[in-house]
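Engineer: Predicted model, plus sequence, below.
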Amino acid sequence: MDQATLILIKPDGLKKSLTGNILTRLSETKLEIVAAKMVRVTEELATEHYRHLKSKAFFPELIKYIQGEMHDRRKVMALIYWGTDSIKKCRELAGATNPEEADPTSIRGSYGRILTTGLYENVVHVSSNESEAEREIKLWFMPEEIIVDLYPSKIIVEKERKVQAWA
Ligand code: IDP
Ligand code: MG
């Protein structure tokens with residue numbers, strides 16, 4: 001079944017120069033990249049992305065982590081992988097959430113670590129199921145940024161919306 005999966009290369013992955021390595025690992029899946037961009041993560045985006053973890057003690061630190069405040073890299077790389085069973089394939093390559101429990105050959109098992117505070121610094125985010133993938137992709141991307149039609153969209157006319165243009 002063709003599925004879309006949101007992948008984020010988190011700030012620790014960027015700081016450790018793992019982008020090429022992670023993309024190479026993901027290319028083993030033979031899935032198609034249908035969108036990719038660098039994103040400066042606002043507190044609002046971070047909070048919405050991780051809203052299922054709001055009650056956890058590590059939530060404030062998690063928000064700082066995904067915003068890059070702990071790695072002096074205020075950005076993440078966001079990609080959408082599309083194809084047969086993409087969620088399962090990408091999550092297998094990523095490994096378990098806890099890097100100590102992740103298969104040592106997985107991305108998180110190879111490059112993740114647990115901070116002394118207890119936070120899992122695990123290099124990549126991968127959507128965990130189809131409904132989460134849809135919610136996350138709609139949060140991180142506009143329809144025009146994705147080169148296939150993943151979900152129904154519509155044309156709207158926005159009046160007086162400021163956009164930055166080339167001078
Ligand atoms: P996932 O990233 O494998 O889908 P989630 O439960 O959605 O796991 O958690 C999001 C992120 O929050 C994790 O990738 C990790 O960085 C962090 N995290 C999750 N659970 C814990 C925990 O029990 N202790 C510390 N950090 C955690
Ligand atoms: Mg998750």
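Structural biologist: Arrived safely. Ligands and ions are numbered 1, 2, ... in the order given.
Engineer: Mind pulling up the pLDDT for R73?
Structural biologist: For R73, the pLDDT comes out at 88.
Engineer: Sticking with the nearest residue to E48 once chain neighbours are set aside, tell me its helix or strand.
Structural biologist: Once flanking residues are discounted, E48 sits nearest to L139: 5.9 Å by C-beta to C-beta, 6 or more residues apart in numbering. C-beta: built from backbone N, CA, C; applies to glycine. Using DSSP states H and E, L139 sits in helix 130-140.
Engineer: Could you name the helices and strands sitting against that helix?
Structural biologist: Where contact means 3 or more C-beta pairs under 8 Å, 6 or more residues apart in numbering; DSSP states H and E, helix 130-140 is packed against strand 2-9, helix 43-49.
Engineer: most tightly surrounded among the ones you listed?
Structural biologist: Mean neighbour count (mean count of other C-beta atoms under 10 Å) peaks for strand 2-9 among the helices and strands packed on helix 130-140, with a mean of 23.
Engineer: Quickly check: the helix or strand just after it near ligand 1 or not.
Structural biologist: Counting by DSSP H and E, the next helix or strand C-terminal to strand 2-9 is helix 11-15. No. Helix 11-15 stays clear of ligand 1 (C-beta under 6 Å from any ligand atom), getting no nearer than 9.4 Å.
Engineer: just stretch 94-102 next, same as before
Structural biologist: Yes. Applying C-beta under 6 Å from any ligand atom, one finds stretch 94-102 touching ligand 1 at T97.
Engineer: Could you work out the end-to-end span of that stretch for me?
Structural biologist: 8 Å (C-alpha to C-alpha, to the nearest Å).
Engineer: Kindly report the same for stretch 32-52.
Structural biologist: Stretch 32-52: ends 28 Å apart by C-alpha to C-alpha.
Engineer: For it, give me every contacting residue.
Structural biologist: 4, 54, 59, 62-63, 66-68, 74-83, 136, 139-141, 145-148, 150 (C-beta atoms under 8 Å, 6 or more residues apart in numbering).
Engineer: quick one: it to chain centroid distance?
Structural biologist: 6 Å (C-alpha atoms, centre = their mean, to the nearest Å).
Engineer: What average pLDDT does that stretch get?
Structural biologist: 98.
Engineer: hang on, the earlier thing: say whether ligand 1 is contacted by the helix holding L139.
Structural biologist: No. Contact of helix 130-140 with ligand 1 is not found when judged by C-beta under 6 Å from any ligand atom; the minimum separation is 8.2 Å.
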